[in-house]
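Visitor: whatever this is, show me its structure:
(one chain, ligands or ions: 1)
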Amino acid sequence: MTLSITFGTGDSIPFHDHPGMTGVANCFVGRVSVESFDLVGPSEEPETYWLRRRGSSILRPGDTMTLTATANNIHQVKAIEPSQVIDVFTPPYNRTRVTGTRWYEIRKTPRASSSEDVVLARVK
Ligand SMILES: [Fe+2]
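Guide: Numbers count the residues shown, from 1 in each chain. Purely as a prediction, here's the structure:
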């Protein structure tokens, strides 16, 4: 499944996941920043999860970003300038994967017991 997404300056897609999916995002116009996390697991609070920060990058024309079911799967995209990105996903979206998509609110507070960059996120 291929999606073409057009962004205006400052447009963003908030933190979300692609359940069970592998994908490649290819920027072919403009510049977008991408910040990614991996799911660590549920926290003790309902509807909240621990996420491990994978990093952030700026995609320019010709740059790609990949995600798998377990790596970089949770991310947000912000357009630095008018941009276009093509996303290719496998398996393609179906009803289960659409309804299973989660939207996250990241809390910047790191997990005290971890030396890694693990943060708490609430599902919206
Ligand atoms: Fe995405």
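Visitor: so where's the protein shaky on pLDDT?
Guide: Applying pLDDT under 70 to the chain flags residues 110-115.
Visitor: strands of that one, start to end?
Guide: 2-7, 12-16, 22-29, 32-42, 48-59, 64-67, 74-79, 83-90, 104-110, 118-123 (DSSP state E).
Visitor: I'd like those as TSV, with mean neighbour count and distance to Thr96 appended.
Guide: Every C-beta, even on glycine, is put in place using the N, C-alpha and C of the backbone. Output for the strands of the chain, formatted as TSV (neighbours: other Cβ atoms under 10 Å; distance: least, Cβ to Cβ, whole Å):
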stretch	mean neighbour count	distance to Thr96
strand 2-7	14	18
strand 12-16	16	16
strand 22-29	18	16
strand 32-42	18	17
strand 48-59	17	19
strand 64-67	17	18
strand 74-79	22	18
strand 83-90	17	14
strand 104-110	13	19
strand 118-123	18	17
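Visitor: need the contact list for Glu35.
Guide: Phe15, Arg53, Gly55, Ser56, His75, Gln76 (Cβ atoms under 8 Å, 6 or more residues apart in numbering).
Visitor: let's have those in a markdown table, adding distance to Gly23.
Guide: What follows is the contacts of Glu35, written out as a markdown table (distance: Cβ to Cβ, whole Å):
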| residue | distance to Gly23 |
| --- | --- |
| Phe15 | 15 |
| Arg53 | 19 |
| Gly55 | 17 |
| Ser56 | 17 |
| His75 | 10 |
| Gln76 | 14 |
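Visitor: right, and the pair among those residues with maximum separation?
Guide: Farthest-apart pair in these is Phe15 and Gly55; separation 14.2 Å (Cβ to Cβ).
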